[in-house]
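S.K.: What follows is a predicted structure for the sequence shown.
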Amino acid sequence: DAGITQSPRYKITETGRQVTLMCHQTWSHSYMFWYRQDLGHGLRLIYYSAAADITDKGEVPDGYVVSRSKTENFPLTLESATRSQTSVYFCASSPQALGQGSFGANVLTFGAGSRLTVL
Amino acid sequence: LAKTTQPISMDSYEGQEVNITCSHNNIATNDYITWYQQFPSQGPRFIIQGYKTKVTNEVASLFIPADRKSSTLSLPRVSLSDTAVYYCLVGAFISGGYNKLIFGAGTRLAVHP
């Protein structure tokens, strides 16, 4: 199916366990992002990637690890989950910008989200 | 990075026009202004994007004054289904550069019958 998909959609885990959230997009977009959204709050950027093997930190990267070996996949790993990481996680992608004047080049398309509960 | 300021919440009634203003005083020359809509339990969805003056699509209009220090999202004749959180983002991707699009808290719009 075309689009951007996240898995799992729902996950319950325990403190200290490792968790990986998967994100897959079929458009070959260069840019991919991970955001977290806590109840009643906006989205905060965790990590982003401009291309395969190129990643960079966002606002709240501590406790998370990302990799991007293939353009279409951008997994997010919580190496040792904590209760404060209970949140809804959204993955997004965007086409590579062509430079100033390229309307639509930086529009984000989001996945449906992964709801993670850490007990 | 350009910081944005929006009202936390707004209320309206069906059939009315709703205008949500976003302030972005330190917008950069290369920055676009983009608005997203988010329904509960869903990811944000693109509504409209502009650089200057006015942009209109089938869903909304975006008004941007000459100094670009603010922008106004206009939703004509809202319905109950327009109840959502609306986010204003300012930023751009420039080839070879890394600009991080950061969401603010958004504006929670409630449309009443």
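M.R.: Received, thanks.

S.K.: tell me how far stretch B:20-33 is from the chain's mean position?
M.R.: Between the centre of stretch B:20-33 and the centre of its chain there are 10 Å (C-alpha atoms, centre = their mean, to the nearest Å).

S.K.: Bridged to the residue in chain A positioned nearest to chain B, which residues?
M.R.: Residue nearest to chain B within chain A (C-beta to the nearest C-beta): residue A:110, separated by 2.9 Å. Quick note: C-beta positions are derived from backbone N, CA and C, even for glycine. With DSSP bridges as the criterion, residue A:110 is bridged to residue A:92.

S.K.: what's around it, how many residues?
M.R.: Using other C-beta atoms under 10 Å in any protein chain shown, residue A:110 is surrounded by 21 other residues.

S.K.: Could you do the one 3 residues further on as well?
M.R.: By the other C-beta under 10 Å criterion, the neighbourhood of residue A:113 contains 21 residues.

S.K.: what's the spacing between it and residue A:17?
M.R.: 20 Å (C-beta to C-beta, to the nearest Å).

S.K.: ditto for residue A:85
M.R.: Taking C-beta to C-beta as the measure, residue A:85 falls 11 Å from residue A:17.

S.K.: now swap in residue B:39 and tell me
M.R.: 31 Å.

S.K.: What of residue A:76?
M.R.: 15 Å.

S.K.: okay, those two: which has more neighbours?
M.R.: The residue with more neighbours, out of residue A:76 and residue A:17, is residue A:76; 22 against 12, by other C-beta under 10 Å.

S.K.: Can you name the residues that contact that one?
M.R.: Residues near residue A:76 by C-beta atoms under 8 Å, 6 or more residues apart in numbering or on different chains: A:20, A:21, A:23, A:34, A:46, A:47, A:64, A:65, A:66, A:89, A:91.

S.K.: ranges for the helices of chain A?
M.R.: For chain A, helices defined by DSSP state H do not occur.

S.K.: So what sits opposite the most centrally placed residue in chain A in the bridge?
M.R.: Central residue of chain A (C-alpha atoms, centre = their mean): residue A:34, 2.3 Å from the mean position. Per DSSP bridges, residues listed as beta-bridge partners of residue A:34: residue A:47, residue A:91.

S.K.: how about the strands in chain A?
M.R.: Counting by DSSP state E, residue ranges of the strands within chain A are A:4-7, A:10-13, A:19-25, A:31-37, A:43-51, A:54-57, A:64-66, A:76-78, A:87-94, A:109-110, A:114-118.

S.K.: what comes up buried for the third one?
M.R.: For strand A:19-25, a neighbour-count test (16 or more other C-beta atoms under 10 Å in any protein chain shown) marks A:19, A:21, A:22, A:23, A:24, A:25 as buried.

S.K.: hmm, back to that, where's the residue nearest to the centre of chain A relative to residue A:55, distance?
M.R.: 10 Å.

S.K.: Next, show the common contact partners of those two.
M.R.: Common neighbours of residue A:34 and residue A:55 (C-beta under 8 Å, 6+ apart) are A:47, A:48, A:66.

S.K.: Dump these into TSV; add distance to residue B:26 as well.
M.R.: TSV is the format used below for those (distance: C-beta to C-beta, whole Å):
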residue	distance to residue B:26
A:47	24
A:48	21
A:66	29
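
S.K.: Now the phi/psi pair for residue B:81, please.
M.R.: Main-chain dihedrals, residue B:81, degrees, to the nearest 10: phi -70, psi -10.

S.K.: what about the residue in chain B that chain A sits nearest to, how many neighbours?
M.R.: Closest residue of chain B to chain A, C-beta to the nearest C-beta: residue B:43 (2.9 Å). Neighbour count for residue B:43, taken as other C-beta under 10 Å: 22.

S.K.: Many thanks, I have nothing further to ask.
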